[in-house]
Every structure is written in structure tokens, then in C-alpha cells.
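# Predicted coordinates and the sequence they were generated for:
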Amino acid sequence: MGNLGEFFSSGLLEFFNYSAFANIEWGHIIMIIIGIFFISIGILKEYEPLLLIPIGFGILVGNVPFLQGEGIGIYEEGSVLNYLYFGVLYGVYPPLIFLGVGALTDFSALISNPKLILVGASAQLGIFGAYVVALLLGFTPHEAGAIGIIGGADGPTAIFLSSRLAPHFMGAVAISAYSYMALVPVLQPPVMRLLTTKKERQIRMRPPRAVSKREKIMFPIIGFLLTSFIVPSALPLLGMLFFGNLLKESGVTRRLAQTAGGSMVDIVTILIGITVGASTQASTFLTTKSIMIFGLGAASFIVATFGGVLFCKILNLFLKDGNKINPLIGNAGVSAVPAAARVSQMIGLEYNKTNHLLMHAMGPNVAGVIGSAVAAGVLLSFLY
């Protein structure tokens with residue numbers, strides 16, 4: 001009996017040593033709380049739930065403590081999570097997301113008013129501003145490039161760029177980018193109100209002109225050739241974005257467009273969310289530099305909003321009455337589609353219940369998608 005009791009006690013002790021309870025540290029607890037917070041705001045506030053809930057649960061998955069060498073961690077070669085993480089680490093998932101985005105996007109607002117692409121371009125100011133500040137804070141040029149792209153509020157682009165420039169910061173960069181995408185309704189309105197007058201907020205824009213089917217078909221072809229010839233390094237993102245849009249607008253590949261913009265993009269979103277979340281293991285994520293990345297990401301996002309709104313105000317100096325742009329749509333120059341455009345609509349209706357800005361804001365919003373990919377290509381061209 002003594003030997004049997006000793007056997008059971010040693011077995012229980014060995015079992016306990018293998019459990020998470022024996023290996024948990026404060027860092028794991030902090031990250032688990034963050035994961036629960038992401039899930040909570042995704043459910044309760046409905047802030048980008050399709051992104052925050054997979055990422056939040058991924059954070060839980062990545063922060064259940066275990067003994068190293070068991071072949072279950074996301075950074076352990078040969079583990080299931082490590083295989084799924086391959087698509088993030090080597091930039092496979094982001095182009096597939098862009099394919100789905102292209103298949104879901106209507107570029108009519110941008111085609112009908114081409115000058116709105118300048119608003120989307122001006123919002124990329126946050127990317128290059130954060131890049132310079134990151135350099136001044138001691139980050140390497142490659143790390144600064146990966147951090148700066150957060151200002152575009154485009155999660156897939158942030159993952160694509162950081163996978164090439166600074167893979168060791170990918171978790172922090174991706175979580176920052178997706179967090180600020182979700183917090184668009186919180187972060188942008190104060191900047192928009194600060195930079196505009198009541199009179200400017202009430203500017204009524206002309207209804208967008210009708211766009212022909214031929215224009216919609218020609219746009220992805222011409223847009224792809226122009227942008228990819230300028231920045232070939234962004235080819236995987238731009239190619240997939242415009243290809244997806246051509247599938248939608250051609251009218252003869254409806255099944256492919258529905259697959260790209262439906263089940264496929266949903267599957268990739270699940271994979272990218274759960275693996276990015278799981279990559280935030282406390283031992284690699286909770287560092288001083290990660291906190292700095294979050295701060296720089298917030299600053300770059302605010303500067304991007306500032307740049308878009310301010311550019312609209314400057315552009316209005318050269319436009320006649322009746323053709324002026326409501327500067328409230330300048331915030332939509334970031335790549336958070338369609339959340340940023342909805343914020344333009346929401347703030348506009350506060351000051352004029354009949355002034356609907358959503359369709360106008362979609363112009364710079366989709367331009368921001370193109371702009372963030374081009375900015376990523378520019379950074380890759382001289383850093384990679």
C-alpha cells in the first residue's frame with residue numbers, strides 16, 4: 001500500500017508539473033486579461049467583432065503556459081499552431097485578404113470623383129511620420145518601417161510588411177493595427193471636431209455621378225498597372241486587390257467573386273486572427289518595445305486622421321462653392337473600410353440631419369486601401 005500511495009503521489013506531482021497551474025506567470029495572467037478584454041469589446045461594443053474575437057481568443061490560446069519542448073506552442077517548429085502561423089510569417093494570408101476585399105469593394109465613389117484619391121494619399125502621412133519618430137527613438141530602419149505602417153489602419157498590410165521587415169515585432173504591430181481599426185469610432189471624432197468649424201461640417205457635396213460598367217471594369221486593370229509600375233514591391237497586395245475587384249465588376253465571374261469575398265475571406269480571417277493572437281506569448285510580447293509600438297501606433301493613426309482632414313481643408317481653398325469637399329470625410333483616408341466612412345457619416349449627421357456623407361467618404365476610404373499598400377511598397381523598396 002505504501003508503494004502504491006507513493007506511486008500515485010509522484011504521478012500526481014508529475015501531472016501537476018505538466019499543467020498550466022505549475023508554469024503560470026504574471027505575464028500570462030496579464031495577456032489572458034487582455035484577450036478577454038478584446039473578446040468583450042468585440043461582443044458588447046461590436047467593435048470589429050470579426051477581427052477582435054478571433055484575435056482575443058488567440059491571445060488566450062497563446063498564453064496558456066506549458067513546458068517547452070512539448071511541440072504545441074506557436075513558436076515550436078512542427079507544432080500545429082506553427083504550421084498555421086506559416087501564412088502569417090511568410091505573408092501568405094494578407095494577399096488573400098486583399099483578394100476578398102477587392103471582391104467586396106465598390107470603387108464607384110472614387111471613380112466618380114478622382115481627386116478623392118489625394119485625400120487617401122494624404123492620410124498616409126501618419127505612416128511616414130511614425131517611421132521618422134521610431135527612428136529617433138532608437139528603432140532600426142526595418143523596425144521603424146514595420147511600426148509606421150500601423151498608421152494606415154490596415155491589419156493585413158501591417159502583417160505583410162512586418163513579416164518582411166521585423167518578424168520579431170509582428171505580434172505587437174498586428175495587434176496595434178487591428179486594435180486601432182476597431183477603435184476608429186473612439187479615436188477619430190475628437191480630431192475631426194478639433195480641426196473643423198461648424199460651417200465646414202455642414203458642407204453639402206454634390207451627389208456622385210453615375211459610373212458606367214465599362215469604367216468599373218477598366219478601373220482595376222488601369223489602377224493595377226499604374227500602381228504596380230510605381231511600386232512593384234507591393235505587387236502581391238495590389239495584384240490581389242485589383243484582381244478581386246475585376247472578378248466582381250466583370251459580371252461573368254460571379255461565383256469566383258462570391259467565393260473570394262465570402263467563404264474564403266472568412267476562413268483566412270479566422271486563421272489570421274487566431275494565429276496573430278496566439279503569437280502574443282507573454283515572454284515575447286510583454287516588453288518595453290511592445291508598449292512603445294502601441295504608443296507610436298496610436299500617434300501615427302491620429303496623425304493620419306489629421307492629415308486627411310487637413311488636406312480637405314487645404315483643397316477647398318482651390319475649389320469653387322458648390323464643388324467643395326466636406327472635410328469630415330478626410331478621416332476616411334485611412335484603410336479601415338467601411339468603419340472610417342461610417343464615422344464620417346455619423347459626425348456629419350450630428351450637424352445636419354439631412355447631410356449624408358457615407359457615399360462620399362467611401363471614395364477616400366477605398367483610396368486609403370490602395371494608399372496603404374502603395375506606402376508598404378515604398379517602404380519595402382528601400383528597406384527590404
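Cool, the structure landed. Residues are numbered from 1 along each chain as shown.
# residue ranges with poor pLDDT in this protein?
Applying pLDDT under 70 to the chain picks out residues 1-11, 13-16.
# Let me see the backbone angles for residue 208.
Dihedral pair for residue 208: phi -60, psi 140, per degrees, to the nearest 10.
# residues in contact with it?
108, 109, 112, 113, 359, 360, 363 (CB atoms under 8 Å, 6 or more residues apart in numbering). Every C-beta, even on glycine, is put in place using the N, C-alpha and C of the backbone.
# How much space separates it from residue 78?
Using CB to CB, to the nearest Å, residue 208 is found at 53 Å from residue 78.
# And the nearest residue to residue 327 once chain neighbours are set aside, which helix or strand is it part of?
In space, and not counting its chain neighbours, residue 327 is closest to residue 312: 3.8 Å by CB to CB, 6 or more residues apart in numbering. Using DSSP states H and E, residue 312 falls within helix 288-316.
# Assess the claim that residue 322 and residue 206 are in contact.
Yes: assessed by CB atoms under 8 Å, residue 322 is found in contact with residue 206 at 7.0 Å.
# Give me the more crowded residue out of those two.
More crowded of residue 322 and residue 206, by other CB atoms under 10 Å: residue 206, with 11 against 8.
# mind checking how far that one is from residue 325?
Here residue 206 is placed at a distance of 10 Å from residue 325 (CB to CB).
# go on, residue 87?
39 Å.
# Which of the two has more residues huddled nearby?
The neighbour comparison of residue 87 against residue 325 (other CB under 10 Å) goes to residue 325, with 23 against 18.
# Can you name the residues that contact the more buried one?
116, 119, 203, 205, 312, 315, 316, 319, 360.
# Of the residues you listed, grab the buried ones for ChimeraX.
Per 16 or more other CB atoms under 10 Å, the buried members of the contacts of residue 325 correspond to this ChimeraX selection:
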select :116,119,203,205,312,315,316,360
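# what about the helices in the stretch 101-250 of the chain?
108-112, 116-122, 125-136, 141-148, 155-165, 170-182, 184-195, 198-201, 213-230, 235-250 (DSSP state H, counting those that start in this stretch).
# Dump those to a markdown table, plus distance to residue 48.
Output for these, formatted as a markdown table (distance: least, CB to CB, whole Å):
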| stretch | distance to residue 48 |
| --- | --- |
| helix 108-112 | 22 |
| helix 116-122 | 20 |
| helix 125-136 | 19 |
| helix 141-148 | 21 |
| helix 155-165 | 9 |
| helix 170-182 | 4 |
| helix 184-195 | 8 |
| helix 198-201 | 26 |
| helix 213-230 | 26 |
| helix 235-250 | 20 |
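# and of those helices, who's closest to residue 376?
Evaluated over the helices of the stretch 101-250 of the chain, closeness to residue 376 peaks at helix 155-165, with 4.6 Å, by CB to CB.
# can you give me the strands in the stretch 251-384 of the chain?
With DSSP state E, counting those that start in this stretch, there are no strands along the stretch 251-384 of the chain.
# ranges for the helices of it?
254-259, 265-278, 282-285, 288-316, 339-351, 358-383.
# tell me the angle the fifth one makes with helix 288-316.
Read that as helix 339-351. Using axes from the mean of the first three to the mean of the last three CA atoms, to 10 degrees, the direction of helix 339-351 lies 50 degrees away from that of helix 288-316.
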